[in-house]
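Undergrad: Requesting a structural model of the entry that follows:
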Amino acid sequence: MIVIGLTGGIGSGKTTVAKEFEKLNVPIYIADERSKYILSNDAEVIEKVKSLLGEKAYVELNGKLEANRPFIASKVFNNKSLLEGLNEILHPAVHLDFDKFCVKHNNAAYILYEAAILFETNGDKRCEATILVTVTLQERLKRVMDRDVVTKEEVLARMKNQWSQKEKLELADFVIINDNIDLLTSKVCLIHRFMLNN
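TA: Okay, here's the model as predicted:
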């Protein structure tokens, strides 16, 4: 199975790019979405997260246990050891989930694995090639502040937990500058054609 990694800093527009590939019938695994699902639905993960962060990490909603994501974020974003602990719980579970996704889509020409911290977690080692989505810092800040209704300081705190764009540029095989929505489709189509012909 050919796996292509798709990554980029917070607010770069990875999901928008992923949707363009989806239009071309490329199976997309969005690690962040699956991670959120696993956080609230995997019994083993739930117990480990409670042990790490305490009972307040979960709340009961409509008779179902749900991850208290604002509480979890407040605990881990400014505490490196807790963030590492959470990642040590979630990443193996996500990898296992992704393996099942690959089996399900084993007839596809290739699969796109979208992850914000692909290089940081050595996820790129599982990929044949990597695509980096970039845009200016100012644009990234604006997008996240608008999307999540958070302050500039909160966005910068999240960014501290990711590698810089410069570090990622040195490792990426393809780069999509996501500053013009009208050109995005053609940029994605070029990479898609390359993948099909190589």
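Undergrad: From here on, just use CA atoms for contacts and neighbour counts.
TA: Fine.
Undergrad: right, and the helix or strand after the helix or strand harbouring residue 75?
TA: In this structure, residue 75 is located in helix 69-76 according to DSSP states H and E. Scanning the chain past helix 69-76 towards its C-terminal end, the next helix or strand to appear is helix 80-104 (assignment: DSSP H and E).
Undergrad: now that following helix: mean pLDDT?
TA: Mean per-residue pLDDT for helix 80-104: 94.
Undergrad: How about stretch 37-56?
TA: Taken as a whole, stretch 37-56 has a mean pLDDT of 97.
Undergrad: And it, how far out from the chain middle?
TA: Here the centre of stretch 37-56 is set off from its chain's centre by 19 Å, with CA atoms, centre = their mean, to the nearest Å.
Undergrad: Same question for stretch 79-90.
TA: Its chain's C-alpha centre and that of stretch 79-90 lie 16 Å apart, by CA atoms, centre = their mean.
Undergrad: so where is this structure shaky, pLDDT-wise?
TA: In the prediction, the chain carries no residues with pLDDT under 70.
Undergrad: all helices of it, in order?
TA: 14-23, 31-41, 43-53, 69-76, 80-104, 137-148, 152-159, 165-169, 181-197 (DSSP state H).
Undergrad: Now for residue 79, how many residues are close by?
TA: 11 (other CA atoms under 10 Å).
Undergrad: I'd like the distance between residue 31 and residue 15.
TA: Going from residue 31 to residue 15 by CA to CA, to the nearest Å gives 11 Å.
Undergrad: Please apply the same query to residue 136.
TA: Computed with CA to CA, the distance linking residue 136 and residue 15 is 17 Å.
Undergrad: Counting neighbours around each, name which of the two comes out higher.
TA: Neighbour totals were compared for residue 136 and residue 15, and residue 15 leads with 19 against 13 (other CA under 10 Å).
Undergrad: ok so, going back, if I look at residue 31 and residue 15, which residues touch both of them?
TA: Shared contacts of residue 31 and residue 15, defined by CA atoms under 8 Å, 6 or more residues apart in numbering, comprise residue 114.
Undergrad: Contacts only, for residue 78.
TA: The contact partners of residue 78, by CA under 8 Å, 6+ apart, come to residue 157.
Undergrad: go on, the one 4 residues further on?
TA: Remark: with contacts taken as CA under 8 Å, 6+ apart, residue 82 is in contact with 52-53, 75-76.
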